[in-house]
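Chemist: Show me the folded form of this:
(2 chains)
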Amino acid sequence: MGQYILRRLLQAIPLLIGVSMLGFAMMHLAPGGPLAVYTLNPTITAQDIERIKQVFGLDQPVYIQYLKWAYGMFTGNWGNTFFGGRPVLTVILERFPATLLLMGSGMSLAIVIGMLIGILGAVRRYSVFDYLATTGAMVALSFPTFWFGLMMIFIFALKLGWMPSGGMFTLGGEEDVLDLLRHLAMPAIVLALVLVAQWSRYTRSSFLEVIHQDYIRTAKSKGLAGGRILFRHAFPNAVAPLIALAGVQLPWLFSGALVTETIFGWPGMGRLFVDALTMKEYPVLMGMVMITAGAVIIGNLLADVINALLDPRIRLD
Amino acid sequence: MARTRSMRPGGGEAGELYESQARRIWRRFLHHRLAVAGGCVVILLLGMALLADVLSPHDPLDLDTTRRFISPLSRGEYMLGTDEMGRDTLARLIHGGRISLVVGIAAMFATIVTGLLIGLLSGFYGGKVDNLLMRFTDTMLCFPQVFLLLVLAAFITPTVISIALIIGLTSWMEVARIIRAQILYIKEQDFVQAAFALGASGGRVMFKELLPNAIAPVLVSATLNVANAVLMESYISFLGYGIQPPVASWGNMLTNAQAYFDLAPWLAILPGVMITLTVMSFNFLGDGLRDALDPRLRM
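Modeler: Here you go, the predicted model:
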């Protein structure tokens, strides 16, 4: 097991290097490069630019710059924001809890509902429910997340007045858990929609594969109850391949959270990204791109390790 | 379909085999009713985009603040009402659809060409080339697409072509993987080995033997990719970094809709319905094509 984890860790290293190189290249692609904010400022002279270049080490060869930048990234020195001059890493990490809460709730919701729909669909294959569920999943996959969010706000906040239309807490109200949950409900559902569709599709096909295997037939012929067979015998084997799905969904989860946070005014990393975009805060933008890509690598690594813990066959590959 | 075609030794008999195969695929496709419906809607949407100037009752850019927020179906002249600048919603939906579809289809071509090239090179050459290209693919897959798109969109001057290009350059990875797997499989087939034995050059084998036999999954990916590209265009245009006003796209028509919810809910509802309908139709069409072309690919 230890060997497997070590091997997977080593495989993640070239990915991290690749991600950092692409991130660095992107920063230099920016109009005006990393100095855009200074060169666009008319009060700064050419001499000033030269001086700033020296301060930032931009007069050095590209590979030296890259190594310095990568070292800084690795040691947590992500530079300061153009406006306000606060450390980029701090600014991003401040927003992390809100995003984690939103993504965690959306994902949990999606896994529970999606798996229930998927299992029911697999057990009652070709039934009306199965047909509606598979068609519904396809429709849900076609919804633009932001529009689904807009429609939810329109119906449940504006027309019916059941839900708050945005934010994390009621302004001036008591910031307790109940208030938080009321504000979390709609964004979490919006974020979960596409994920539910994916989970139900994958769960359905994974269960279909398992419940037609011999050992399930044996269990049936022994006269075991259907529910017991499903959850004690079929479930572990059907779920194992689905764990990887959670890892694969992570990039989408970040993208979805960005859009959802923008619609609902949720004070997370996605909102920060959109705000940084309007302010042309390149250090924050690049930091966010790197942190999300890093999270995706770690998430996939975790999914693989959990999978290997559950299924000894994987370790031996 | 394509596999039969390249195995065809030439002659009437095999030609008939090809025909019947095509007919079988067609029959399987017709069996998938939602895919047929999706195909019909796609044709209608493409027709609408082509004939936008003829179909559109008004100029989509013609603004007049004396006729703001006319409700749909209230006056004969503006069937779907007007927006906050008094522009005809129907005209903007039709012209916005043209933009969204052009971006979607152009982005699909960029996706397919990039994915095809990388998958083909990777699968054909194997070894170091394969390793390098696949690690690059894995790296690209680590970035959340919307984040990448927004950063790139902020760097460039947004036009239909540049938006389509950046969508293509951030979504080719899946195609590359599918093509690579397909090429690895076909490469081992006898007819490819025969081509090598006959002394065919690498390029010839790649483009004359391998590529035509990978057409089925490419066709399916292409269809599904239009759906994804339309969706991505709507995301970034909605956030203000895609197609720029006053030119309408379904995404940017929704940008300000939230502000006029109470006054004009149709401005928020109609463009979203069009996006969903379009994406759904391409998704169903792609799904049906997959089942019809190669039942083994069915999930």
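
Chemist: Any stretches of the chain with poor pLDDT?
Modeler: Because you didn't say which chain, this covers chain A. Within chain A, the stretches with pLDDT under 70 are A:31-42, A:56-57, A:316-317.

Chemist: Let me rephrase: I mean chain B.
Modeler: For chain B, the stretches flagged by pLDDT under 70 are B:1-19, B:75-76, B:295-299.

Chemist: tally of neighbours for B:Leu90?
Modeler: For B:Leu90, the neighbour count with other C-beta atoms under 10 Å in any protein chain shown is 19. (C-beta placed from N, C-alpha, C; glycine too.)

Chemist: Now do the buried residues in the helix or strand that contains it.
Modeler: Element membership for B:Leu90 (DSSP states H and E) is helix B:89-125. Buried residues in helix B:89-125, defined by neighbour count with 16 or more other C-beta atoms under 10 Å in any protein chain shown: B:89-112, B:114-116, B:118-124.

Chemist: cool, stretch A:71-78 as well?
Modeler: Residues of stretch A:71-78 classed as buried under the neighbour-count rule (16+ other C-beta under 10 Å) are A:73, A:78.

Chemist: Strands along chain B, start to end?
Modeler: Counting by DSSP state E, chain B has no strands to list.

Chemist: Could you list the residues of the stretch 101-250 of chain B in contact with chain A?
Modeler: B:135-136, B:138-148, B:150-152, B:154-155, B:227, B:231, B:234-235, B:238-239, B:241 (C-beta under 8 Å from any C-beta of the partner chain).

Chemist: Buried by neighbour count, from those: which ones?
Modeler: B:136, B:138-148, B:150-152, B:154-155, B:227, B:231, B:234-235, B:238-239, B:241.

Chemist: Got the phi and psi for A:Ser165?
Modeler: Dihedral pair for A:Ser165: phi -90, psi -10, per degrees, to the nearest 10.

Chemist: if I pick it, what's in contact with it?
Modeler: Counting by C-beta atoms under 8 Å, 6 or more residues apart in numbering or on different chains, A:Ser165 makes contact with A:153, A:157-158, A:264.

Chemist: okay if I get those as CSV plus neighbour count?
Modeler: Formatted as CSV, those follow (neighbours: other C-beta atoms under 10 Å in any protein chain shown):
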residue, neighbour count
A:Ile153, 23
A:Ala157, 17
A:Leu158, 13
A:Phe264, 27
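
Chemist: quick one: which two of these are the most distant?
Modeler: Pairwise distances across these peak at 13.4 Å for A:Leu158 and A:Phe264 (criterion: C-beta to C-beta).

Chemist: show me the residues around the residue of chain B positioned farthest from its centre that make contact.
Modeler: Centroid-distance maximum for chain B: B:Thr66 at 39.1 Å, with C-alpha atoms, centre = their mean. Going by C-beta under 8 Å, 6+ apart, B:Thr66 touches B:Gly86.

Chemist: what's the answer for B:Met232, then?
Modeler: Neighbours of B:Met232 in contact, by C-beta under 8 Å, 6+ apart: B:107, B:145-146, B:149, B:167, B:171.

Chemist: again, only using 10 Å
Modeler: A:144, A:255, B:103-104, B:107, B:145-146, B:149, B:163-164, B:166-168, B:170-171, B:225, B:242, B:251 (C-beta atoms under 10 Å, 6 or more residues apart in numbering or on different chains).

Chemist: List the ones among these that fall in helices.
Modeler: Among the contacts of B:Met232, DSSP state H puts A:255, B:103-104, B:107, B:145-146, B:149, B:163-164, B:166-168, B:225, B:251 in helices.

Chemist: Show me the beta-bridge partners of A:Pro87.
Modeler: A:Asn80 (DSSP bridges).

Chemist: Tell me, how many residues neighbour it?
Modeler: For A:Pro87, the neighbour count with other C-beta under 10 Å is 16.

Chemist: and if you look at B:Val230?
Modeler: Number of residues near B:Val230 (other C-beta under 10 Å) recorded here: 30.

Chemist: these two touch, right, it and B:Gly96?
Modeler: No: contact criterion C-beta atoms under 10 Å: B:Val230 and B:Gly96 do not qualify, at 11.3 Å.

Chemist: shared neighbours of these two, which are they?
Modeler: Between them, B:Val230 and B:Gly96 share these contacting residues under C-beta under 10 Å, 6+ apart: B:249-251, B:274-275.

Chemist: Put the buried members of those residues into a PyMOL selection.
Modeler: Restricted to buried positions by 16+ other C-beta under 10 Å, the PyMOL selection for the shared contacts of B:Val230 and B:Gly96 reads:
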select buried, chain B and resi 249+250+251+274+275
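
Chemist: closest to chain A among the shared contacts of B:Val230 and B:Gly96?
Modeler: Lowest distance from chain A to the shared contacts of B:Val230 and B:Gly96 (C-beta to the nearest C-beta) belongs to B:Ile275, with 5.1 Å.

Chemist: Next up, the contacts around the closest one.
Modeler: Taking C-beta under 10 Å, 6+ apart, we find B:Ile275 in contact with A:142-144, A:146-147, B:96-97, B:100, B:230-231, B:233-235, B:238, B:249-251, B:253-254.

Chemist: do that again at 6 Å, thanks
Modeler: Counting by C-beta atoms under 6 Å, 6 or more residues apart in numbering or on different chains, B:Ile275 makes contact with A:144, B:234, B:250.

Chemist: Would you mind measuring from the nearest residue to the last one once chain neighbours are set aside to B:Met253?
Modeler: Computed as C-beta to C-beta, 6 or more residues apart in numbering or on different chains, the closest residue to B:Trp250 that is not its neighbour in sequence is B:Pro271, at 4.4 Å. Per C-beta to C-beta, to the nearest Å, B:Pro271 is found 4 Å from B:Met253.

Chemist: Spell out which parts of the stretch 101-250 of chain A neighbour chain B.
Modeler: Residues of the stretch 101-250 of chain A that fall close to chain B, judged by C-beta under 6 Å from any C-beta of the partner chain: A:138-139, A:142-144, A:146-147, A:150, A:154, A:158, A:205.

Chemist: what do you get if the cut-off is 7 Å, keeping everything else the same?
Modeler: Within the stretch 101-250 of chain A, the positions near chain B by C-beta under 7 Å from any C-beta of the partner chain are A:135, A:138-139, A:141-144, A:146-147, A:150-151, A:154, A:158, A:205.
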